[in-house]
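Student: this is a predicted model, with the sequence first.
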Amino acid sequence: MCRIGAIKSVDYLHPSQALLLMQSQQKGHDNSGFAMVMHDLGGIFKNYKNLPTLSLACTDEGLKRAEDILHEAGFSRVLQWVPETNNEPGLDIIAMPNYVFETFNYPRHYRKASQKEKEELLLDMRLKLRFALEEDDQGFVYSFWPDVVTLKEIGNPKDIGTYFNLWEPDDQFTAKVITAQCRQNTNYDIVRYAAHPFFLQGYTALANGENTFYQKNKEFQRSLHRGYTGFESDSQCFLYTLHYVHRELGWPLPYFKHVVTPLPFEEATRREDRDQLFAIRQSLAHLEINGPNTIIGVLPDNILFTCCDAKKLRPVVVGRSEDKVIISSEVCGINEVLPDRNWETDIYPHEREIVVIDNELEVQRWKQ
């Protein structure tokens, strides 16, 4: 069973906190990988929040190919950060030759474009880069988006932290929202794209569990949007449904829960919004999920949330202090990071609600 976690903070925090959160749950993962997505960046990226940052793991040829494609499209690099790595003997990590985080200015003819036009451009460029690099295994393009950095690697999470020098906090590589998972996608082939969290156009999702409706989700989603690609993991479907419901359809977040875990007919019949609920169930039935799972998600405005399957078959807990809110598969993770919190205020979400953390760290519980 996977272990997942997320931290949302008033102040910028270092990913060592995410590693600490996940390490205490080590019995729940198999040392097959570590991945994280960082939103609302500080440190060296703080002054470039409106410009897209490329998160890339690649060969030398892959880096050249990616930079050539971006240069040809009119992007100009304004910042490059290559993390110093610690390749000490005995580390359990299948490392790529290069890890590069580059921030770019938009092409001149896009600098006065609308926000949506820029967002569509960034999606198209990320897909173009991905396809250009994956055809002969030259690299992995995880995200190309403003104020977001993504890192995924195969190996022991503790050793991955050592390799990237992430155990020692600094003020150069920080963020206010970090999601992480310490396990590769071992139900399928172990490839870097299959590692949670998954990212698309400002949305992040990760899950603890299985989606037994994966096949029908996948077949339907492939027809909905060009960005719904890869499908290396059944849990990617959670991200694509979140993106479709919230961005493409423009529905409020509570309706995501109604799509993935519809209310029973007899309960929906008694609701004032029953016509809407029945319409959702009829038109988006192929986006319903099944099986044991807990989902953590981040929206483009950095709102953090979690919800569970309709039977609550996977654990999740929300704990908080004055300056942090943490979502974790197991309470031991929160105990490690926030040992002095008021444990009596911890929330164990039930199967018919979404727990939402806004940007003032107010914790809201929305009943389905």
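Tutor: Sure, I can see it.

Student: contacts for the helix or strand where Thr179 lies?
Tutor: In this structure, Thr179 sits in strand 175-181 according to DSSP states H and E. Applying Cβ atoms under 8 Å, 6 or more residues apart in numbering, the contact partners of strand 175-181 are 2-13, 15, 17-19, 21-22, 34-42, 149, 195-197, 204, 206, 296, 298, 302, 304. For the C-beta atoms, the positions are set from N, CA and C on the backbone; glycine is no exception.

Student: mind listing which of these are in helices?
Tutor: Counting by DSSP state H, the contacts of strand 175-181 place Gln17, Ala18, Leu19, Leu21, Met22 in helices.

Student: hang on, the earlier thing: from the chain's centroid, how far away is the strand holding Thr179?
Tutor: Here the centre of strand 175-181 is set off from its chain's centre by 8 Å, with Cα atoms, centre = their mean, to the nearest Å.

Student: again with stretch 229-237
Tutor: 13 Å.

Student: distance between the ends of it?
Tutor: 10 Å (Cα to Cα, to the nearest Å).

Student: rewinding a little: would you mind giving the ones in helices among the contacts of strand 175-181 as TSV with pLDDT added?
Tutor: Formatted as TSV, the ones in helices among the contacts of strand 175-181 follow (pLDDT from 0 to 100):
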residue	pLDDT
Gln17	96
Ala18	95
Leu19	93
Leu21	93
Met22	89
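
Student: list just the nearest of these to Leu70.
Tutor: Leu70 has its nearest neighbour among the ones in helices among the contacts of strand 175-181 in Ala18, at 28.7 Å by Cβ to Cβ.

Student: report how many residues lie close to that closest one.
Tutor: The local packing of Ala18 (other Cβ atoms under 10 Å) involves 29 other residues.

Student: OK, contacts around it?
Tutor: Gly5, Ile7, Met36, Ile178, Thr179, Ala180.

Student: same question, Pro300
Tutor: Contacts for Pro300 (Cβ under 8 Å, 6+ apart) come out as Gln201, Gly202, Tyr203, Arg247.

Student: cool, Arg111 as well?
Tutor: Asn105 are the contacts of Arg111 under Cβ under 8 Å, 6+ apart.

Student: for whichever helix in the chain runs longest, which residues meet the burial criterion?
Tutor: As assigned by DSSP H, the longest helix anywhere in the chain is helix 115-134. Residues of helix 115-134 classed as buried: 118-119, 121-123, 125-130, 132-134 (neighbour count, 16 or more other Cβ atoms under 10 Å).

Student: for it, packing partners?
Tutor: Judged by 3 or more Cβ pairs under 8 Å, 6 or more residues apart in numbering; DSSP states H and E, helix 115-134 is in contact with strand 52-58, helix 60-72, strand 139-146.

Student: and the residue lying farthest from the centre of the chain, how far is that from Pro264?
Tutor: For the chain, the residue at maximal distance from the C-alpha centroid (Cα atoms, centre = their mean) is Arg270, at 35.4 Å. Applying Cβ to Cβ, to the nearest Å, the value for Arg270 to Pro264 is 10 Å.

Student: one more: Val149?
Tutor: From Val149 to Pro264 the distance is 41 Å (Cβ to Cβ).

Student: quick one: which of those two has more around it?
Tutor: Val149 (24 against 8).

Student: list the contacts of stretch 355-368.
Tutor: With Cβ under 8 Å, 6+ apart, stretch 355-368 has contacts from 8, 10, 253-254, 257-258, 261, 263, 301-307, 318, 320, 323-325, 327, 347, 349, 352-354.

Student: so which of those belong to helices?
Tutor: Short answer: the contacts of stretch 355-368 in helices (DSSP H) are Pro254, Lys257, His258.

Student: all set now, cheers.
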